[in-house]
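Asker: fold the stuff below for me.
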Amino acid sequence: MEKKQGGYGNMLGAIAAKLAFRPLTYGYSNARVRAMRPHLLSRRQAEDMLKVKTNAAVAEYLSRTGYRDDFTGMGAKVTDEERVEIAVSKNFARTAQKLLRITPKASQSALFAFLGRYDILNIKTILLAKKLGKHKQETEHLLIPAGSLSMQELEEMISAKSADELYDAIHRSAFGGKFLASDSIKHIPKAELKALLQKPEEGKLDMLLSALDSYYYEVAASAVSGGEKDLSIILDLIRSEADAKNVITAMRLKKSGADKHTIIKSMVTGGNFTEQQIGKMASAKGVPEIATLASSFFISATGKGEFAAAEAQFKKDGSLSHFEVVFEHSLARRSLHALRRSMMSLGAIIGFLFLKEEEMNNIRKIVRGKALGLPMERTAEMLVLVG
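Answerer: Okay, the predicted model is just below:
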């Protein structure tokens with residue numbers, strides 16, 4: 001009997017130690033993150049920026065907020081749109097590094113893996129910029145140096161004059177080396193990959209971009225898997241983002257006339273969709289049928305109305321952006337939920353990072369809308385404002 005009591009005593013002691021460990025480990029970082037939440041731009045501030053006439057006025061408005069220091073050190077030839085793009089990228093990268101510093105050491109590797117989304121985004125931006133024939137300066141201001149790739153490594157990729165140079169620049173980086181050695185890219189032979197880097201054709205480029213996304217989702221999902229309730233919220237967020245990307249990719253490729261095989265090869269892994277569900281989307285006769293399928297096995301009850309409205313808008317103007325905004329709203333609400341509900345865990349930190357990313361995206365949409373001369377109402381439809 002004494003032995004049994006000792007066993008229960010040890011078990012209770014371990015539980016008590018674990019419960020005490022979480023506040024000690026995450027108390028400081030979670031308190032810092034919650035203190036940072038009120039400093040995110042408010043809905044009113046986003047609406048104020050929408051109302052001003054020029055991007056110069058947007059830059060002036062942001063320079064009176066927490067973005068003030070991010071406007072320093074820019075060249076005289078930078079346009080107002082580029083000034084804002086550069087400032088928000090610098091601000092976001094600085095925030096990401098701050099979060100990494102205050103995250104407990106035991107969870108830093110998971111957050112670092114999560115920040116790999118910006119390495120992927122930067123490589124994709126460079127590939128697409130090369131496809132469009134953009135100059136170095138036009139590409140640089142679109143980059144978000146918040147991951148492991150340094151600006152020097154990114155500039156080497158931008159400056160590459162051939163497919164071999166670009167491949168080598170990607171391979172030399174620690175992140176790129178791991179990606180090129182991963183299962184996510186093995187289905188594309190090296191010679192074919194270099195051909196894609198040299199001449200990124202629309203349909204085939206999708207396969208390379210999806211390989212990049214698949215690598216991120218698999219690495220990030222693995223990093224935050226751990227059985228804790230708060231981490232399961234973040235895991236669901238990551239998988240839902242992958243599902244949303246697959247729906248939009250299927251819609252875009254179907255709209256452009258791609259066949260079933262091309263669509264399936266362009267899908268990312270790491271989401272919740274089964275092979276059967278992906279097959280059904282790839283076999284659909286058009287975007288409306290994909291929308292029906294997505295609504296039936298992906299959209300939550302609370303998002304049905306928004307998704308139906310997006311379908312109605314798509315039938316009017318044929319733009320997939322309406323669906324993209326619905327997915328962004330859904331992910332932003334889940335991020336806010338993670339921030340509010342996560343107690344003493346990595347969930348609150350990653351939830352805040354998602355919201356900060358949405359703030360950056362909103363500012364970029366505003367300045368790009370003004371640069372394109374879009375009506376204020378059209379830009380407002382694309383913003384994702386939560387909280």
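Asker: just the element for residue 319, please.
Answerer: Counting by DSSP states H and E, no helix or strand carries residue 319.
Asker: that one touches residue 311, doesn't it?
Answerer: No: if you go by Cβ atoms under 8 Å, residue 319 and residue 311 don't touch, sitting 11.8 Å apart. (C-beta placed from N, C-alpha, C; glycine too.)
Asker: those two - which one has more neighbours?
Answerer: Using other Cβ atoms under 10 Å as the criterion, residue 319 and residue 311 rank with residue 311 on top: 18 against 11.
Asker: so what's that one up against?
Answerer: The contact partners of residue 311, by Cβ atoms under 8 Å, 6 or more residues apart in numbering, come to 288, 291, 322.
Asker: check the secondary structure at it for me.
Answerer: At residue 311 the chain is in helix, as set by DSSP: H, G, I helix; E, B strand; the rest coil.
Asker: could you measure from it over to residue 61?
Answerer: Look at residue 311 and residue 61: by Cβ to Cβ, to the nearest Å, they are 35 Å apart.
Asker: and residue 148, what is it in contact with?
Answerer: Residues counted as contacts of residue 148 (Cβ under 8 Å, 6+ apart) are 112, 115-116, 119, 173-175.
Asker: ok, so of those residues, who is nearest residue 38?
Answerer: The closest of the contacts of residue 148 to residue 38 turns out to be residue 115 (Cβ to Cβ; 23.4 Å).
Asker: pLDDT score for the residue most central in space within the chain?
Answerer: Centroid-nearest residue in the chain, with Cα atoms, centre = their mean: residue 117, separated by 5.8 Å. At residue 117, the pLDDT value in this model is 92.
Asker: repeat that for the one 10 residues further on.
Answerer: The per-residue pLDDT reported for residue 127 equals 91.
Asker: tell me the contacts of it?
Answerer: Per Cβ under 8 Å, 6+ apart, neighbours of residue 127: 197, 200, 205, 208-209.
Asker: go with 7 Å
Answerer: Neighbour list for residue 127: residue 200 [criterion: Cβ atoms under 7 Å, 6 or more residues apart in numbering].
Asker: so which bits of the helix or strand containing it are buried?
Answerer: Here residue 127, judged by DSSP H and E, is contained in helix 116-131. Buried residues in helix 116-131, defined by neighbour count with 16 or more other Cβ atoms under 10 Å: 116-123, 125-127, 129-130.
Asker: just checking, next helix/strand downstream of it?
Answerer: Next helix or strand after helix 116-131 toward the C-terminus (DSSP H and E): helix 136-140.
Asker: helices or strands next to that following helix in the packing?
Answerer: Packing partners of helix 136-140 (3 or more Cβ pairs under 7 Å, 6 or more residues apart in numbering; DSSP states H and E): helix 116-131, helix 151-159.
Asker: quick one: the helix holding residue 127 to helix 151-159, angle?
Answerer: On the basis of axes from the mean of the first three to the mean of the last three Cα atoms, to 10 degrees, helix 116-131 is oriented at 30 degrees to helix 151-159.
Asker: how far off centre is whichever strand or helix holds residue 350?
Answerer: Here residue 350, judged by DSSP H and E, is contained in helix 346-372. With Cα atoms, centre = their mean, to the nearest Å as the basis, helix 346-372 stands 10 Å off its chain's centre.
Asker: same thing with stretch 237-253?
Answerer: 12 Å.
Asker: pLDDT below threshold where in the stretch 51-200 of the chain?
Answerer: Across the stretch 51-200 of the chain, nothing is flagged by pLDDT under 70.
Asker: where do the helices of it begin and end?
Answerer: 55-62, 80-102, 105-114, 116-131, 136-140, 151-159, 163-172, 174-180, 190-198 (DSSP state H, counting those that start in this stretch).
Asker: got the CA positions of stretch 369-383 in CSV?
Answerer: Extracted C-alpha coordinates of stretch 369-383, given in CSV (Å, rounded to 0.1, in the frame of the first residue of the first chain):
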residue,chain,number,x,y,z
GLY,A,369,-5.4,50.2,-54.3
LYS,A,370,-4.5,53.9,-54.4
ALA,A,371,-1.6,53.3,-56.8
LEU,A,372,-4.0,51.5,-59.2
GLY,A,373,-6.7,54.1,-58.8
LEU,A,374,-9.3,51.7,-57.4
PRO,A,375,-12.4,53.2,-55.8
MET,A,376,-12.2,53.4,-52.0
GLU,A,377,-15.2,51.0,-51.7
ARG,A,378,-13.5,48.3,-53.8
THR,A,379,-10.3,48.4,-51.6
ALA,A,380,-12.4,48.4,-48.4
GLU,A,381,-14.0,45.1,-49.6
MET,A,382,-10.6,43.5,-49.6
LEU,A,383,-9.5,44.5,-46.1
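Asker: hmm, who's touching that stretch?
Answerer: The contact list for stretch 369-383 (Cβ under 7 Å, 6+ apart) reads 46, 50, 54-55, 81, 321, 325, 362, 365-366.
Asker: output stretch 323-333 as CSV, nothing but the C-alphas.
Answerer: The C-alpha coordinates for stretch 323-333 follow below in CSV (Å, rounded to 0.1, in the frame of the first residue of the first chain):
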residue,chain,number,x,y,z
PHE,A,323,-13.3,34.0,-52.1
GLU,A,324,-9.8,35.0,-50.9
VAL,A,325,-11.2,37.7,-48.6
VAL,A,326,-13.6,35.2,-47.0
PHE,A,327,-10.8,32.8,-46.3
GLU,A,328,-8.6,35.7,-44.9
HIS,A,329,-11.5,36.8,-42.6
SER,A,330,-11.9,33.2,-41.4
LEU,A,331,-8.2,32.8,-40.6
ALA,A,332,-8.0,36.2,-38.9
ARG,A,333,-11.0,35.3,-36.6
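Asker: having no further points to raise, I will conclude here.
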